[in-house]
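Visitor: With the sequence up front, the predicted model follows.
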Amino acid sequence: MIGLISATAAGAAARDRLAAAWPERTRVYDGPVGDAVRRAFGECEQLVCFLATGAVVRLVAPLLAGKTADPGVVCVDEAGRHAVALLGGHGGGANELARAVGGVLGAEPVVTTATDAAGLPGLDTLGLPVEGDVAGVTRALLDGEPVVLDAEVPWPLPALPFADGAGDTGGAVEGAYRVRVTDREVPAGEREVLLRPASLVVGVGASRGAPAEEVLDLVEGALREAGLSARSVAELATVDAKADEPGLVAAAERLGVPLVTYSADELAAVEVPNPSQAPLAAVGTPSVAEAAALARGGELLVPKRKSERADGRPAMATCAVVRRPGRGRLAVVGIGPGARDLLTPRAAAELRRASVLVGLDQYVDQIRDLLRPGTRVLESGLGAEEERARTAVAEARRGQAVALIGSGDAGVYAMASPALAEASDDIDVVGVPGVTAALAAAAVLGAPLGHDHVSISLSDLHTPWEVIERRVRAAAEADIVVTFYNPRSRGRDWQLPKALGILAEHRAPATPVGVVRNASRADESSRVTTLGELDPAWVDMMTVVTVGNTATRIVAGRMVTPRGYRWQASDLTGGTV
Ligand code: SAH
């Protein structure tokens, strides 16, 4: 819950706008501000105070308990010009809240935590539990001092500017700061931060009525004896029949992890070192704990063991621990047609989330400033598509966080297909859509895509011309608006006139045609012409050509394809219906 506090009429007005925008997430605290701040501080995860920062500092100072306990606090000034992340920038989410509040109120977010200002991810924002000298290592990263990454478990972390040649080697640099990715229960050394990857799966079995304490003691004992950190446990796993077993549900809750279940058939198919008769009779699989832990692969670190009971009665729980290999992450990111503000916030976030960037050199140049310092950039020239796809997938398989970029949408005549054709299910794949050239051009031209439309690439590099021609003919016969990608290059100049000729067999010479070059880029140019008048010399590889259907008209210099549906009161072809 976000507590909202204000003192003045202007503050109350801004507060009400925020409350109206987020009705489920906010609660207004009325009354004297000191009292309101104290109540909200105790009850909410976050506060937005429409008060001066000085006033808020004085009010919250006596309430501060520590970085992990305090709520995130954002202050908005009287004029609603700034949203200041005052307290709990990372842990309390105040930086993000300041940006979100800024979005609603039109206020400039003010973020002063050092890692954000320097474009570095905070060590406490990586989504992994972190222990040790966070402040010291963060300062070293900010100061550009060498920091060694020692990843015992490969994990797809965003880029951090590590010492030369580090990255994933963990070479011993004397006295250097160190970020260690480990699921082992080791103490953090001096100048060291431990990141806990979610790499451990604990398989559990339980008889009906097994107490949560017994399950927890068993799991915690197994981890302790094996020298493993409970903070690296990703999930408890068991058989479907035990999905609602109270002891298991409670144990998972106490460990803060989900309880994942598999069918008895799935578990029976998993090869395990210690099968037994008892579970086979009870739930239909010769192993629950080991099989559930191993169901998604990995290395068995702790074989099946039973709980111990002081009263000598039979054990009611079993467990086994498996380390799963870290899954790499491949983000396939469309960076839009060119203009920075047509690159989506999600695309920008994925670029910053990556430690390896793969792309065509000219696209990499467009977004280089968005990358975290330390991002490994693997760029290549035109024509190296297959190699780029293979590289991106291979890096993800090594456990890296990879962003593979393409202009427009990365799935439209671009890298997503060759990359995903290579990728197996041992990596996570995230797609980020981008504004494709046809849409960027359509917005320049008017409304040419108001009815059914199709994109056709005229490049016969990978597609025989007969296939392209057949598709152009089909679009012509079906009266579909067509956008041609890759319309014409120096060595490839007869295809466009030929394709337009096929369309002209079914559409009048006066049919509107839009030609847009470098849509949304600095040197954008466009013209609206007709099928009869288009000069192919206007067209090159930076261009898309959009041909209207038989109903498309030019209105005030803009291309408009009527929607033509009956429910419209009037349309451009038929007048009032
Ligand atoms: N993935 C890209 C398309 C790659 S094919 C996308 O979704 O937009 C390359 C072709 O796209 C170019 O030959 C050109 O026809 C078209 N194109 C890409 N960006 C363009 C832009 N900004 N303006 C006009 N055409 C563009």
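Guide: Ah, there it is.
Visitor: give me the residue from the stretch 451-577 of the chain nearest the ligand.
Guide: Ala519 (3.5 Å; C-beta to the nearest ligand atom). To be clear about C-beta, it is placed using only N, CA and C from the backbone, and glycine gets the same treatment.
Visitor: Up against the ligand, what does the chain have?
Guide: Listed as neighbours of the ligand in the chain under the rule C-beta under 6 Å from any ligand atom: 337-338, 406-409, 412-414, 436-437, 440-441, 485-487, 516, 518-521, 541-544.
Visitor: Now go through these and say which are in helices.
Guide: Mapping those onto helices (DSSP state H) picks out 437, 440-441.
Visitor: Quick one: low-confidence residue ranges for the stretch 201-350 of the chain.
Guide: The model of the stretch 201-350 of the chain has no residue with pLDDT under 70.
Visitor: Would you state the helices of it in chain order?
Guide: Using DSSP state H, counting those that start in this stretch, the helices assigned to the stretch 201-350 of the chain run over residues 212-226, 246-255, 264-268, 277-283, 289-294, 345-353.
Visitor: Tabulate those (CSV), appending distance to Leu194.
Guide: Formatted as CSV, the helices of the stretch 201-350 of the chain follow (distance: least, C-beta to C-beta, whole Å):
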stretch, distance to Leu194
helix 212-226, 15
helix 246-255, 18
helix 264-268, 33
helix 277-283, 36
helix 289-294, 23
helix 345-353, 21
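Visitor: Determine which stretch of the ones you listed is the most buried.
Guide: The highest average neighbour count among those, using mean count of other C-beta atoms under 10 Å, belongs to helix 289-294 at a mean of 29.
Visitor: Report the contact partners of the nearest residue to the residue of the stretch 451-577 of the chain closest to the ligand once chain neighbours are set aside.
Guide: Leaving out its chain neighbours, the residue that sits closest to Ala519 by C-beta to C-beta, 6 or more residues apart in numbering is Ala440, at 3.9 Å. Residues near Ala440 by C-beta atoms under 8 Å, 6 or more residues apart in numbering: 336-338, 342, 408, 516, 519-520.
Visitor: quick one: Arg473 and Ile502 touch, right?
Guide: Yes - counting by C-beta atoms under 8 Å, Arg473 touches Ile502, with 5.5 Å between them.
Visitor: Comparing the two, which residue is more hemmed in?
Guide: A direct count of neighbours by other C-beta atoms under 10 Å for Arg473 and Ile502 places Ile502 higher, at 19 against 15.
Visitor: For Pro23, give me phi and psi.
Guide: With angles defined as degrees, to the nearest 10, Pro23 sits at phi -60, psi -30.
Visitor: What's the local residue count around it?
Guide: 9.
Visitor: So which of the residues of the chain next to the ligand sit within strands?
Guide: Using DSSP state E, the members of those that fall in strands are 406, 485, 516, 543-544.
Visitor: what two of those are the furthest from one another?
Guide: Gly406 and Val516 (18.8 Å; C-beta to C-beta).
Visitor: Next up, the contacts around Glu152.
Guide: Contacts of Glu152 by C-beta under 8 Å, 6+ apart are 170, 180-184.
Visitor: can you pick the most crowded of the residues you listed?
Guide: Asp183 (27 neighbours).
Visitor: Return the distance of the closest residue to that residue other than its chain neighbours relative to Gly256.
Guide: Once flanking residues are discounted, Asp183 sits nearest to Ser232: 3.5 Å by C-beta to C-beta, 6+ apart. Distance, Ser232 to Gly256, by C-beta to C-beta, to the nearest Å: 12 Å.
Visitor: The two: who's more crowded?
Guide: Ser232 (23 against 10).
Visitor: Confirm for me that the more buried one is in contact with Leu195.
Guide: No - under the criterion of C-beta under 8 Å, Ser232 makes no contact with Leu195, lying 9.6 Å away.
Visitor: Can you check which residues contact both of the two?
Guide: Pro129.
Visitor: what's the burial count for the nearest residue to Tyr262 once chain neighbours are set aside?
Guide: The spatially closest residue to Tyr262, leaving aside those adjacent along the chain, is Ala295, at 5.2 Å (C-beta to C-beta, 6+ apart). Per other C-beta under 10 Å, the neighbour tally for Ala295 reads 19.
Visitor: same question, Val364
Guide: Neighbours of Val364 (other C-beta under 10 Å): 18.
Visitor: In which helix or strand does Val48 reside?
Guide: strand 46-50 (DSSP states H and E).
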